[in-house]
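**Q** next comes the sequence, and after it the predicted model I'd like to discuss.
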Amino acid sequence: MTFTTPTTEANPTLLDLSRKFRITCPLLASLGENKEFELIAFRERLNSKHGGAKMKKLFACFLIAFLTLIGSAVAQRPIKMEPAVKLMKPTLNPPTNFEFKGKNPKNSEWGAEISSEEMQGIANSQTNWFVSNKGTIYKTQRNDIKKVVKKVKLSEIQGRLKGGHYNHFGDLDFYDGFLYVATTGEKPAPPIVIVFNENLEFEKYARFSDKQEGAGWVAIDPVTGYLHSSGPYRELFVYDRNFPKNSHDLTFIRKIFLNFKYGPTQEKEYAKIYNQGGAFSPHGIFYYVLDHKADENSLYTGVHAFLIQDGHAHEITIKGKNNKNKDVNFMNEKYDPDIGKWRNWEFEGITVWDRGIEGQIHVLQLHNEPGSEDDVHLFHYKVNNDY
C-alpha cells in the first residue's frame, strides 16, 4: 500500500528549520518568513519582562539552525530532512461482513518468469504487485501478477547483510515508496527487515529486537507509521521504521497483545499455529493470517481482523461463509494442512488493495508438492464498510 509524503523545500529558512526540528521557539516564529526582520520591534520584545529567558531560547534556535547549515555546507549539498508521512485516520466504521470473491491465479504454477516454489509473501504499491518466494522478490504488473517487471535475489545482496547467512524472504509490505521485507537465516543470524526502493534496489537493513523470536512477516500501520512484526502468535512487536543506513538496529517501541475472539481457548494450542502474514488497511484494521499446521479443517485457520487502539488489539467479528458453506465470524478456510510429516496446504502472505470486484483482502495459499514446483492460489475477499 502506498501513501503520499509531503515534499520539503530544497533551501529551508530558519523558521522552516525551527518547525522541522520541532524546536519550541515563539520568538523565532513571530518573525515570520520574511528575510528582513523588524529589528526595533524585536528589540522591544527582548527588553520586555522575561526578555532574558526569551533571548536564551532564541539563541538556542539560531544555534541549532546555524550548525545545521554549516554541516550542510561542508557536505556541499542542500539540507536533507526526513519528511513527515501523512498519517491516516483510524476507522470509525469497521467491516462487519465478508464475501469470498474467488481464486486468481488458481491452483497453478506461476509460469516461466516466477518460481512458485515456497511462495511466501505478497504486497502492492497500488500500481504493481510484489511477490516473494524464499530466495527472490518479484515486482509484477498491476493487471497481470505473473508478468515480471523486475526481480532481486537474496543471494545478490548477501554480502551487505552482516551477522550470518540469510536464506529466507518472508511476507513483505510496501509503504511510502519503500518495500519492507522480513528476512531470516541460519543461526546465529538474527531476524532482520530489509528495505528496498520501488525499483527493488537495496537501501538498508536492520535487526529486530532480541526479544522477538523469528520474523515471518512485516507490516506498517498507516495510522501510526510504525512497523509491526511478530514472533509468538499472540504478540505484535512495534518498531520505529525510520533508521539511518549506518544503523543496523530497529528502535523497539512496545508489544501489543492480541486478544482473539475466534482463536483457540487453550493457550497450548497456539504452539501448533503458524502466524503466516499480517497487513494493515488504510484505516488501521489489522489482518492477521493464522495457519494450523496439523488440524484438518481447523476452526482457527484463516484471516483474523483486529482493531488496535491505545496499545490494545481486539479481534472484530466479520461474518461470512467459508469454503464449506458454513457461517463463520472471520475469513475461515478449511483444508488438509499436512500429509504425514510434510506440509500439504498452507496459507502464506497477505496484502490489502481495493481492486473493485476482486475485493480488498488478498491472501496466498501454497500447495506443497514434493518432487515438483509448488502450486499457488491467490484468494480474494471483499469486505464492507471501512476495510
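**A** Thanks, I have it. Numbering: from 1, shown residues only.
**Q** between the two ends of stretch 105-116, what distance do you get?
**A** The straight-line separation of the ends of stretch 105-116 (C-alpha to C-alpha, to the nearest Å) is 11 Å.
**Q** quick check: mean pLDDT of it?
**A** In this model, stretch 105-116 has an average pLDDT of 83.
**Q** what residues does that stretch touch?
**A** Under the contact criterion C-beta atoms under 8 Å, 6 or more residues apart in numbering, stretch 105-116 has outside partners 119, 131, 133, 136, 138, 140, 145-148, 366-367, 373-378. Placement of C-beta: from N, CA and C, glycine included.
**Q** of these, which count as buried by neighbour count?
**A** Using 16 or more other C-beta atoms under 10 Å as the burial test, these include 119, 131, 133, 136, 138, 140, 145-146, 148, 366-367, 374-378 as buried.
**Q** can you give me the pLDDT of the residue most central in space within the chain?
**A** The chain has residue 219 as the residue nearest its centroid, 2.3 Å off, counting by C-alpha atoms, centre = their mean. You'll see residue 219 listed with a pLDDT of 98.
**Q** that one contacts residue 278, correct?
**A** Yes. Between residue 219 and residue 278 there is a contact at 4.6 Å, judged by C-beta atoms under 8 Å.
**Q** and for the two, which residues touch both?
**A** With C-beta under 8 Å, 6+ apart as the test, residue 219 and residue 278 both reach 171, 228, 229, 286.
**Q** ok, the second one to residue 308 distance?
**A** Right, the one you point to is residue 228. Distance of residue 228 to residue 308, computed by C-beta to C-beta, to the nearest Å: 9 Å.
**Q** neighbours of the nearest residue to residue 250 once chain neighbours are set aside, just the number please.
**A** Using C-beta to C-beta, 6 or more residues apart in numbering and skipping residues adjacent in sequence, the residue nearest residue 250 is residue 239, 4.2 Å away. Look at residue 239: counted by other C-beta atoms under 10 Å, it has 23 neighbours.
**Q** show me what contacts residue 239?
**A** Residue 239 touches 208, 209, 226, 227, 228, 229, 250, 251, 252, 253, counting by C-beta under 8 Å, 6+ apart.
**Q** just confirm it is within a helix.
**A** No. Residue 239 is assigned strand when assessed by DSSP: H, G, I helix; E, B strand; the rest coil, not a helix.
**Q** just the buried members of the shared contacts of residue 219 and residue 278?
**A** 171, 228, 229, 286.
**Q** the residues you listed in helices, which ones?
**A** Among these, none falls in helices (DSSP state H).
**Q** farthest-apart pair in those, please.
**A** Within these, two members stand farthest from each other by C-beta to C-beta: 171 and 286, at 13.4 Å.
**Q** residue 182 contacts residue 218, correct?
**A** Yes. The pair residue 182 / residue 218 is scored as a contact, 4.3 Å apart, by C-beta under 8 Å.
**Q** between these two, which one's more packed in?
**A** When residue 182 and residue 218 are compared for neighbours, residue 218 comes out ahead with 33 against 29, by other C-beta under 10 Å.
**Q** wait, the more buried one touches residue 179, no?
**A** No. Assessed by C-beta under 8 Å, residue 218 is found out of contact with residue 179, at 10.0 Å.
**Q** for these two, list the residues in contact with both.
**A** Going by C-beta under 8 Å, 6+ apart, residues that sit against residue 218 and also against residue 179 are 172, 173.
**Q** that older thread, who does the residue nearest to the centre of the chain bridge with?
**A** Beta-bridge partners recorded for residue 219 (DSSP bridges): residue 228.
**Q** nearest residue to residue 254 other than its sequence neighbours?
**A** Using C-beta to C-beta, 6+ apart and skipping residues adjacent in sequence, the residue nearest residue 254 is residue 238, 5.1 Å away.
**Q** tell me where the stretch 151-300 of the chain has strands.
**A** 166-175, 178-185, 192-197, 202-207, 219-220, 227-229, 235-240, 251-259, 273-280, 286-292 (DSSP state E, counting those that start in this stretch).
**Q** distance to residue 105 added to these, as TSV?
**A** Below are these laid out as TSV (distance: least, C-beta to C-beta, whole Å):
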stretch	distance to residue 105
strand 166-175	18
strand 178-185	21
strand 192-197	24
strand 202-207	28
strand 219-220	23
strand 227-229	27
strand 235-240	30
strand 251-259	30
strand 273-280	18
strand 286-292	18
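**Q** of all these, which one comes closest to residue 155?
**A** Closest among these, using C-beta to C-beta: strand 166-175, at 8.8 Å.
**Q** quick one: buried residues of that closest one?
**A** 166, 168, 169, 170, 171, 172, 173, 174, 175.
**Q** how about the closest residue to the first one other than its chain neighbours, what does it touch?
**A** Taking C-beta to C-beta, 6+ apart, and ignoring the residues beside it in sequence, residue 166 has residue 185 as its nearest neighbour in space, at 3.6 Å. Contacts here follow C-beta under 8 Å, 6+ apart; on that basis residue 185 touches 164, 165, 166, 167, 168.
**Q** report pLDDT for residue 185.
**A** Per-residue pLDDT puts residue 185 at 95.
**Q** quick one: which of the strands of the stretch 151-300 of the chain is nearest residue 99?
**A** strand 286-292 (15.2 Å).
**Q** show me where the stretch 101-250 of the chain has helices.
**A** 154-157 (DSSP state H, counting those that start in this stretch).
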